[in-house]
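J.: this one's structure only:
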């Protein structure tokens, strides 16, 4: 039987898919900005004290960051 639990890598594929589906959201975003935001999001999730839910705590927040940023 297949394992229904998502793996960490699935969250990164979700980010890649979001970038492919909405490339305009990622125009002008540097690698530095992506890794800076990723570090901040992970750090905030770790401070919660519970295990990190990667799809919710990281991937969804990274996608929302670009969706809400108004492309600036």
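T.: Noted; the coordinates are in hand. Since the structure is predicted, the reported quantities are computational estimates derived from the model, not experimental observations. Numbers count the residues shown, from 1 in each chain.

J.: Distance of the most centrally placed residue in the chain relative to residue 67?
T.: The centroid of the chain falls nearest to residue 59 when counting by C-alpha atoms, centre = their mean (2.8 Å). Look at residue 59 and residue 67: by C-beta to C-beta, to the nearest Å, they are 12 Å apart. Every residue, glycine included, has its C-beta placed from N, CA and C.

J.: residues touching residue 67, list them.
T.: Neighbouring residues of residue 67 by C-beta atoms under 8 Å, 6 or more residues apart in numbering: 22, 25.

J.: Local confidence estimate at it?
T.: We have a pLDDT of 91 for residue 67.

J.: Check the contact between the residue nearest to the centre of the chain and residue 15; I expect there is one.
T.: Yes: if you go by C-beta atoms under 8 Å, residue 59 and residue 15 touch, sitting 5.6 Å apart.

J.: No further queries at this time; thank you.
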